[in-house]
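> would you be able to build a 3D model of this:
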Amino acid sequence: MKTSLNIFLLFLILCASCGSRKANDNKETAVQADTVKKFTLPLIPAMLNTPELRADYLVRHYWDNMDFTDTTYINLPDVTEQAWVDFIDILKIVPDTTAITAIKQMYKMADQKKVVFFYYTDLAEKYLYDPNSPMRNEEFYIPVLDAMLESKVLNDTEKILPQGRRELAEQNRIGRPAEDFTYTLLSGKSGTLYGVKAKYTLLFINNPGCHACEEGIEALKQVPAINKEFAAGSLKILAIYPDEDKEEWERHLPDFPKEWINGYDKKLIIKEKNLYDLKAIPTLYLLDKDKKVLLKDATVAQIDQYLNK
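So this is what the prediction gives:
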């Protein structure tokens, strides 16, 4: 499944003129006569002649031609899954408030038949929630969870999982203060997240010896923007191990740069109280000087991009 909209197509949608009404009417008639199911984009009014206006109209009306009661579409991923992926890609070029409104509207339209609704919520889980997805985006996934909790076709039991995910998503959300915790160093000395004083704090929640964690450590060491801020004293990195095998943590201490703060959660508060969403390890958070979350569950590339602004 492609994960990005064809650039040339997007250019035509946003920037090209609409053409004559007669030509479009003929095209629509041809589509209706075609027995092959396909996804049809909305016709953008010619009066909307700027990329911003056209993009806004497109995301708000993207699903106008979709029949969400037609269950045969769920067996056509080349049509529906691709349309959904393209929809998420287009949302990146409009303001977040517009994108979230469009997501809410889409899932409200889909909330007619349970099998169809589950199909589209499964797509959201696959692309927006799965830690291995390059498109994962919790802020876009939250309105999907809200739609599931407000759904008319789901029963109370089917709403238990999204309720738990919704509560966890609210923790350490971008723009809000991060949950504080106490860490312990090898020396036995302890400190707190909020006790780390710097313009930026990079929180690196990890497990010793995990392959992805080793890759994460090496990647962080190679990022020029991180190195620059670190050398200037503007950024500090706090690596925290949230599990109980202290001996394993100690064995892997040489894997980390000595300049980092490397601690473990002695009382297992992070894990037992679900202070942080640990569905993926490692997990990276970029915090400001007041420990407000700037980036949540971020990639190294996203951190580099943010610091380079």
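> all helices of the stretch 1-150 of the chain, in order?
With DSSP state H, counting those that start in this stretch applied, the stretch 1-150 of the chain shows helices at 7-15, 21-33, 51-61, 80-91, 96-110, 114-124, 138-150, listed in chain order.
> quick one: the fourth one to helix 51-61, angle?
Right, the one you point to is helix 80-91. 140 degrees (axes from the mean of the first three to the mean of the last three C-alpha atoms, to 10 degrees).
> and residue 39, how many neighbours?
Residue 39 has 18 neighbours, counted by other C-beta atoms under 10 Å. Bear in mind the C-beta positions are built from the backbone N, C-alpha and C, glycine included.
> which residues are in contact with it?
Contacts here follow C-beta atoms under 8 Å, 6 or more residues apart in numbering; on that basis residue 39 touches 65-66, 79-80, 82-83.
> likewise for residue 61?
residue 42.
> switch the cut-off to 10 Å
Contact analysis of residue 61 by C-beta atoms under 10 Å, 6 or more residues apart in numbering lists 41-45, 102, 105.
> what's the answer for residue 141, then?
Residues in contact with residue 141 (C-beta under 10 Å, 6+ apart) are 103, 121, 124-125, 127-130, 162, 165-166, 169.
> quick check: closest non-adjacent residue to it.
residue 128 (4.0 Å; C-beta to C-beta, 6 or more residues apart in numbering).
> before we move on, what about residue 212?
Closest residue to residue 212 apart from its sequence neighbours, by C-beta to C-beta, 6+ apart: residue 282 at 6.1 Å.
> show me what contacts the one you found?
Counting by C-beta under 10 Å, 6+ apart, residue 282 touches 204-207, 210, 212-217, 220, 239, 297, 300.
> which one of those residues sits closest to residue 190?
Nearest to residue 190 out of the contacts of residue 282 is residue 239 (C-beta to C-beta; 15.0 Å).
> report the contact partners of the most centrally placed residue in the chain.
In the chain, the residue lying closest to the centroid (C-alpha atoms, centre = their mean) is residue 137, at 0.9 Å. By C-beta under 10 Å, 6+ apart, the contact set of residue 137 is 88, 91-92, 99, 124, 127-129, 297.
> element containing residue 163, please.
Using DSSP states H and E, residue 163 sits in helix 160-170.
> if we can go back for a sec, hang on, the residue nearest to residue 141 packs against residue 138?
Yes: counting by C-beta atoms under 10 Å, residue 138 is a contact partner of residue 128 at 7.4 Å.
> anything in contact with each of the two?
Shared contacts of residue 128 and residue 138, defined by C-beta under 10 Å, 6+ apart, comprise residue 145.
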